[in-house]
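Novice: Turn this into a structure:
(one chain, ligands or ions: 1)
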Amino acid sequence: MDLEQIRRVGVAGAGTMGTGIAQLFAEAGFHVTWYNRSAAGLERGLAGVRRNQGILMESGALTAEEARESRARLNPTLELSDLASADFVAETIVEDLDAKSGFFRSLDGICRPGVILTTNTSWLSISRLANAVSRPERFAGLHFLNPAHLVPLVEVIPGEATSDRTVEMVMEMARRIGRRPIVVRKEVPGYVTVRLQAALVREAVHLVEEGVATSAEIDVAVKDGLGMRWALLGPLEIADLGGLDVFNIVTRNLNPHLSAARGGLRLLETLVASGRLGVKSGAGFYEYAGDESAKVLDDRDRRLLKLLRVKSE
Ligand SMILES: NC(=O)c1ccc[n+]([C@@H]2O[C@H](COP(=O)([O-])OP(=O)(O)OC[C@H]3O[C@@H](n4cnc5c(N)ncnc54)[C@H](O)[C@@H]3O)[C@@H](O)[C@H]2O)c1
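Specialist: Down below sits the predicted model:
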């Protein structure tokens, strides 16, 4: 199948990620069959799209008509068989190898031979997931960052059997929905973005555990320090600007002092065990009482939109 022939997109999963991903495809003009296993999940997903689009409209990034028309292209369903007509599928259900493999195995039995199948898994092996389908050459990772409708980057991850043509087509589909794709050239757990983030979170939690800084101080150090540059310059560009001789001495001497935790992080394990899961449970490193959770998410999206505008100038 040629790229121009791709009209119908299937999105599986209507949670945090599926909502933004279904929205992106619909706003780009695709007819989206949006599959989820529960009706309540789909209701929440549709409410999420309305909420996301409200903020986009408020900032002038989307008109009311565009929002209405794109929502009309979203076709929610509880029937997996409705994905049979899809030319391209973005799977974003629960992060569980058995659940995802089961989903792809069922889909494989009903979908068109030319369909391209992608998964938004954060760390599962693409090659292992591809074992569930009969045409692994048409299977790849397409990994979005949260919030999917606002963060431009996506990672395209080929498995062992993925064809070059599939990689090209997935890259092009990503561009069509306004994303900035990079290819992950070797299949490693966590790809590029999840690994970089995990390395920073490991050290951040370590510094809090060791009493070097509070959570709030760590976040300020990133927001008003390191992160100020990261929206515009990558860490390796920053190293070039600072001087590689300096970075060489600093990393060589500092590396032995950095966290080398191999398993779960003590503080994170404790927070999770006590039900502090972050915004979704009303508390995490910080407290989110009452309507604070919704406010934090709205603030995040409004600020990201402003940053996108600055970056596009
Ligand atoms: N949350 C993030 O920041 C983030 C970022 C990048 C990638 N991901 C990945 O995206 C995927 C989804 O994550 P999420 O945060 O949106 O999860 P979520 O729990 O918010 O949503 C999962 C959705 O899938 C549905 N679902 C679960 N099992 C299903 C099944 N067998 N068939 C159909 N629907 C099913 C659930 O009802 C729910 O609507 C995961 O693979 C995750 O690792 C998440």
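Novice: where does residue 290 land on pLDDT?
Specialist: At residue 290, the pLDDT value in this model is 89.
Novice: Using the three-state scheme, assign it.
Specialist: Secondary structure state of residue 290, per DSSP: H, G, I helix; E, B strand; the rest coil, is coil.
Novice: just residue 76 next, same as before
Specialist: Secondary structure of residue 76, per three-state DSSP, is strand.
Novice: ok, now which ones touch the closest residue in space to it that isn't next to it in sequence?
Specialist: Using Cβ to Cβ, 6 or more residues apart in numbering and skipping residues adjacent in sequence, the residue nearest residue 76 is residue 42, 4.3 Å away. The way it works is simple: take the backbone N, C-alpha and C, and place the C-beta from them, glycine included. Residues near residue 42 by Cβ atoms under 8 Å, 6 or more residues apart in numbering: 14, 34, 36, 76, 77, 78.
Novice: Turn the residues you listed into TSV, including distance to the ligand.
Specialist: Output for the contacts of residue 42, formatted as TSV (distance: Cβ to the nearest ligand atom, whole Å):
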residue	distance to the ligand
14	4
34	10
36	5
76	11
77	11
78	9
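Novice: Of the residues you listed, just say which sits nearest to residue 171.
Specialist: Of all the contacts of residue 42, residue 171 sits closest to residue 34, with 23.1 Å by Cβ to Cβ.
Novice: what's the neighbour count on the residue of the chain found nearest the ligand?
Specialist: At 1.8 Å from the ligand, residue 15 is the closest residue in the chain, using Cβ to the nearest ligand atom. If you count neighbours by other Cβ atoms under 10 Å, residue 15 ends up with 15.
Novice: how close does it get to residue 92?
Specialist: Noted for residue 15: a distance of 7 Å to residue 92, by Cβ to Cβ, to the nearest Å.
Novice: Tell me the pLDDT of residue 1.
Specialist: Among the per-residue scores, residue 1 holds a pLDDT of 69.
Novice: If you go by neighbour count, which of the contacts of residue 42 are buried?
Specialist: 14, 34, 36, 76 (16 or more other Cβ atoms under 10 Å).
Novice: Return the subset of the residues you listed lying in helices.
Specialist: In this view, the buried ones among the contacts of residue 42 have no member that belongs to helices under DSSP state H.
Novice: Let me have those residues in TSV, adding distance to residue 274 and pLDDT as columns.
Specialist: Formatted as TSV, the buried ones among the contacts of residue 42 follow (distance: Cβ to Cβ, whole Å; pLDDT from 0 to 100):
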residue	distance to residue 274	pLDDT
14	29	98
34	35	98
36	30	98
76	36	98
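Novice: So which of these are in strands?
Specialist: 34, 76 (DSSP state E).
Novice: just the buried ones among the contacts of residue 42 now: which is nearest residue 284?
Specialist: The closest of those to residue 284 turns out to be residue 14 (Cβ to Cβ; 23.4 Å).
Novice: isn't the closest one right up against residue 20?
Specialist: No - no contact is recorded between residue 14 and residue 20 when judged using Cβ atoms under 8 Å, the distance being 10.6 Å.
Novice: which residues touch residue 68?
Specialist: Applying Cβ under 8 Å, 6+ apart to residue 68 gives no contacts.
Novice: 10 Å instead, please
Specialist: residue 53 (Cβ atoms under 10 Å, 6 or more residues apart in numbering).
Novice: Identify, from the buried ones among the contacts of residue 42, the entry nearest to residue 85.
Specialist: For those, the minimum distance to residue 85 (Cβ to Cβ) is 13.1 Å, reached by residue 34.
Novice: list residues touching both of residue 14 and residue 20?
Specialist: 45, 48, 49, 92.
Novice: Could you list the residues of the protein in contact with the ligand?
Specialist: Residues of the chain lying close to the ligand (Cβ under 6 Å from any ligand atom) are 12-18, 36-38, 41, 92-95, 99, 103, 120-122, 144, 146.
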